[in-house]
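J.: sequence unavailable; structure follows:
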């Protein structure tokens, strides 16, 4: 084993050196992608724009948009939409849309997009991740793909909390309004009739939880006119590591009126209380699971007054009993779940909400 470990370490060091040499020679895949867009960073730290690239075209259009009056600039969205209706693609429209947003930002936000921020906007438009440190203008960069895609459909900009959703909408909103688009923001305290106008905007800011729960609630509504969210066309995720990794550990769970026999639940709970640990069921703390043993299944069938759980109409019983066992033997209040007081979005009544914080 020592020899194999040594060989593995030597092989790892060798491949690492080869990889660093190839990267130094040809550049990383990210560097090559940025060069393809038209932004070239030299080894001495300086940068230049590749002739004929999208970035160069955006820069060439800047003087043209500077000549427009505020009213003419506000017509940009309708003019671009007409060109899309004539068959132009979003990729073909990108230089004009980015140049228009740069000019609107200069007028209404007093900020001008740098060339490297144009690269970030291009990357986001293509559905890729743009990594930027705090202070490099992530919020400003998001206006570029948001405006471009807002011309063809609805855009949702997903942030980590209500404060940032409202702040970013109020901060970046004037740049979008100056080009003829509408903006809105979803806040957790909003009632359904307040959410519909916000979602009707071209660009809507909100948190991942609000977007997620509105989607789930909409799928439970009996009529389309009661739904709030509308089309799902394009989304920009701020702090993607937090939202898609950290926050994703907490599932979004919502319940509606049960269509099955709800009397089975208290009966399954009663059966679970009669069973003996290790004899009728096994508890696996590491896997966070409880399962009936063969003897436990037979005993539970007797308690339920059934010949077999595995016949038509009875196959739900093992699942219900397993869940009851998990509730009794694995879930601890304020550790695995919390009980909170909340408001029903449809009725406005105060209700108790059980939130599972760790599966």
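T.: Sure, I can see it. Every value quoted in this text rests on a predicted model; they were computed, and no experiment measured them. Numbers count the residues shown, from 1 in each chain.

J.: got the contact list for the nearest residue to residue 139 once chain neighbours are set aside?
T.: Using Cβ to Cβ, 6 or more residues apart in numbering and skipping the chain neighbours, the partner closest in space to residue 139 is residue 168 (5.6 Å). C-betas here are computed from N, CA, C, even on glycine. Residues near residue 168 by Cβ atoms under 8 Å, 6 or more residues apart in numbering: 139, 142, 157, 159, 205, 238.

J.: go on, residue 333?
T.: Residue 333 touches residue 339, counting by Cβ under 8 Å, 6+ apart.

J.: tell me the one of the contacts of residue 168 nearest residue 271?
T.: residue 159 (45.8 Å; Cβ to Cβ).

J.: distance of that closest one relative to residue 122?
T.: 22 Å (Cβ to Cβ, to the nearest Å).

J.: picking that back up, so the residue nearest to residue 139 is in which element?
T.: helix 162-177 (DSSP states H and E).

J.: quick check, distance from that helix to the centre of its chain.
T.: Here the centre of helix 162-177 is set off from its chain's centre by 18 Å, with Cα atoms, centre = their mean, to the nearest Å.

J.: I'd say residue 299 and residue 272 touch.
T.: No - Residue 299 lies out of contact with residue 272 (Cβ atoms under 8 Å); the separation is 11.3 Å.

J.: ok, the two, which is more surrounded?
T.: residue 272 (25 against 19; other Cβ atoms under 10 Å).

J.: pretty sure that one contacts residue 325?
T.: Yes - Residue 272 is within contact range of residue 325, at 5.0 Å (criterion: Cβ under 8 Å).

J.: looks to me like residue 188 is in a strand.
T.: No - according to DSSP: H, G, I helix; E, B strand; the rest coil, residue 188 belongs to no strand; its state is coil.

J.: about what we covered before: show me what the helix or strand that the helix holding residue 168 is followed by is packed against.
T.: Using DSSP H and E, the helix or strand that directly follows helix 162-177 along the chain is strand 183-185. Applying 3 or more Cβ pairs under 8 Å, 6 or more residues apart in numbering; DSSP states H and E, we find strand 183-185 packed against helix 162-177, helix 192-200, strand 203-207.

J.: now do strand 183-185: everything it contacts.
T.: Contacts for strand 183-185 (Cβ under 8 Å, 6+ apart): 165-166, 169-170, 172-173, 176-177, 197-206.

J.: buried ones only from these, please, as a PyMOL command.
T.: Selection command for PyMOL covering only the buried members of the contacts of strand 183-185, criterion 16 or more other Cβ atoms under 10 Å:
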select buried, resi 165+166+169+172+173+176+177+198+199+201+202+203+204+205+206
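
J.: number of residues surrounding the closest residue to residue 244 other than its chain neighbours?
T.: Leaving aside its sequence neighbours, residue 244 sits nearest to residue 237 (Cβ to Cβ, 6+ apart; 6.8 Å). Other residues near residue 237 come to 18 when the count uses other Cβ under 10 Å.

J.: so for the one helix or strand residue 291 maps to, what gets flagged as buried?
T.: In this assignment (DSSP H and E), residue 291 forms part of strand 289-292. For strand 289-292, the neighbour count (16+ other Cβ under 10 Å) marks 290, 291, 292 as buried.
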